[in-house]
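> sharing a model that was predicted from the sequence below.
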Amino acid sequence: MARPEEKAQAMLNKWVRMREENDPTSKLSRLAARREKRPFLASHCEHLADAERFRKQIIREISEGVKKIQNAGMGEHAIRDLNDGINKLIREKWHWNRRIKELGGKDYNKEERKAMLLAEKEGGTLTGAVDGGDDLQSMGLGLKGSGGYRYFGAAKDLPGVKELFARHAAKATKRKRGDVYKYITPDYYGLRDEEDGVLLELEGQMTADNQKKLKHCREQHKDMKQQQQTRKQMQPNDAVDGAIGGDSGESSDEDVLLDEAGIAAHMAVPTQEVVAKVLLQKKREALLNRFT
């Protein structure tokens, strides 16, 4: 009688275990997840809870690395390698933050960036954490244009690093308003431009050239006016001769007057008397041609 009961109990235990393994909130699934290896790429993670867990795991590794790098007796090479490893973990954390946002979670990158800007405005270092005291990126020193690389702990005192930050601090020193006005001379306002005489000589040459151009334009304008007056006086006779002779080419050349600048003069319309004379002359010619 006990054998069927044992089998049923075993099947029930298997079903309960399978359900706990599929449930991400159960204790068994959490233990299995701890033993799971972190993916090499954050894009391989498909669950928000796993992404949050891997991010916390990276933060713990960063914390341990920052604690170890405080020991200056480790040696230069070991400190450099450990500092490179911490920077690598910080870049990896940035990718996991982005993946968490893609999966519908919080935007940790935005929050960390705001905290960093706030700390820079206040002029100090960010000792508090953006995410519950775990953001240790702000504890390092970085340079602008270095791609976000930072120096932690004993790495700040390595050979060459101090000199690098000293040069950067000298460049970044903000000048006061008095220092700016100290180097402003009357030359800045153009008060000494005429002392050497070069500017006056150039202005004299430009003035002479402009006066020559103006005189030439006046002469052209005067000649154009005289030609227009002459054309108005000879216009009726030219229109009659052109209509009788039938030479349209010559009349068009005489009717259109172009000045040296290439601007066409106004063409006057013949009067009614001229038109009547032309029509009468054409009728006479047509009658003569009919009876001859």
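Structure's in. What do you need?

> only C-alpha atoms from now on, for both contacts and neighbour counts.
Will do.

> strands along the protein, start to end?
141-142, 150-151 (DSSP state E).

> ranking those strands by mean pLDDT, which is last?
Note on the strands of the chain: lowest mean pLDDT is at strand 141-142, with a mean of 64.

> got any ranges where the stretch 101-250 of the chain has weak pLDDT?
The model of the stretch 101-250 of the chain has pLDDT under 70 over residues 122-147, 168-175, 235-250.

> which strands and helices sit next to the longest helix seen in the chain?
When the chain is parsed with DSSP state H, its longest helix is helix 198-245. Helix 198-245 sits against helix 248-255, helix 272-291, with contacts defined as 3 or more CA pairs under 8 Å, 6 or more residues apart in numbering; DSSP states H and E.

> mind putting the ones you listed into JSON lines with mean neighbour count?
As requested, the helices and strands packed on helix 198-245 are exported to JSON lines (neighbours: other CA atoms under 10 Å):
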{"stretch": "helix 248-255", "mean neighbour count": "13"}
{"stretch": "helix 272-291", "mean neighbour count": "11"}
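
> how about those helices in CSV, adding distance to residue 6?
Below are the helices and strands packed on helix 198-245 laid out as CSV (distance: least, CA to CA, whole Å):
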stretch, distance to residue 6
helix 248-255, 124
helix 272-291, 132
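
> ok, of the ones you listed, where does mean pLDDT dip lowest?
helix 248-255 (a mean of 44).

> skip the chain neighbours and tell me the closest residue to residue 103.
Distances taken as CA to CA, 6 or more residues apart in numbering place residue 48 nearest to residue 103, at 5.8 Å, with adjacent residues excluded.

> so who does the one you found touch?
By CA atoms under 8 Å, 6 or more residues apart in numbering, the contact list for residue 48 reads 100, 103-105.

> if we use 10 Å, what do you get?
Contact analysis of residue 48 by CA atoms under 10 Å, 6 or more residues apart in numbering lists 54, 99-105.

> out of those, who's nearest residue 73?
Taking CA to CA as the measure, residue 73 lies nearest residue 54 of those, at 31.4 Å.

> what about that closest one, neighbour count?
Here the count is done by other CA atoms under 10 Å, and residue 54 has 20 residues near it.

> mind checking how far it is from residue 152?
Distance from residue 54 to residue 152, counting by CA to CA, to the nearest Å: 23 Å.

> swap in residue 285?
Remark: distance between residue 285 and residue 152 (CA to CA) = 114 Å.

> also residue 113?
19 Å.

> okay, the two: which has more neighbours?
Remark: of residue 113 and residue 152, residue 152 carries more neighbours, 26 against 12, as counted by other CA under 10 Å.

> surely that one touches residue 87?
Yes. Residue 152 is within contact range of residue 87, at 9.3 Å (criterion: CA atoms under 10 Å).

> quick revisit: now the buried members of the contacts of residue 48.
Buried subset of these (neighbour count, 16 or more other CA atoms under 10 Å): 54, 99-101.

> what is the nearest of those residues to residue 292?
residue 101 (107.3 Å).

> not counting sequence-adjacent ones, nearest residue to that closest one?
Residue 101 sits nearest to residue 107 (CA to CA, 6+ apart), 5.3 Å away.

> next, the contact list for that neighbour, please.
Neighbouring residues of residue 107 by CA under 10 Å, 6+ apart: 97-101.

> try 8 Å
Residues near residue 107 by CA under 8 Å, 6+ apart: 97-98, 100-101.

> please enumerate the helices of the stretch 51-200 of the chain.
Secondary structure of the stretch 51-200 of the chain by DSSP state H, counting those that start in this stretch: the helices cover 76-102, 108-122, 161-172, 177-182, 198-245.

> nearest to residue 41, of those?
helix 76-102 (8.4 Å).

> please identify the buried residues of that closest one?
Those buried within helix 76-102 under the rule 16+ other CA under 10 Å are 79-80, 82-84, 86-87, 89-90, 92-101.

> same for it, what does it pack against?
helix 48-68, helix 108-122.

> mind listing what's buried along the last one?
For helix 108-122, burial by neighbour count (16+ other CA under 10 Å) applies to 108-109, 112, 115-116, 119.

> just the first one next, same as before
Under the neighbour-count criterion of 16+ other CA under 10 Å, helix 48-68 has 48, 50-52, 54-56, 58-59, 61-63, 65-66, 68 buried.
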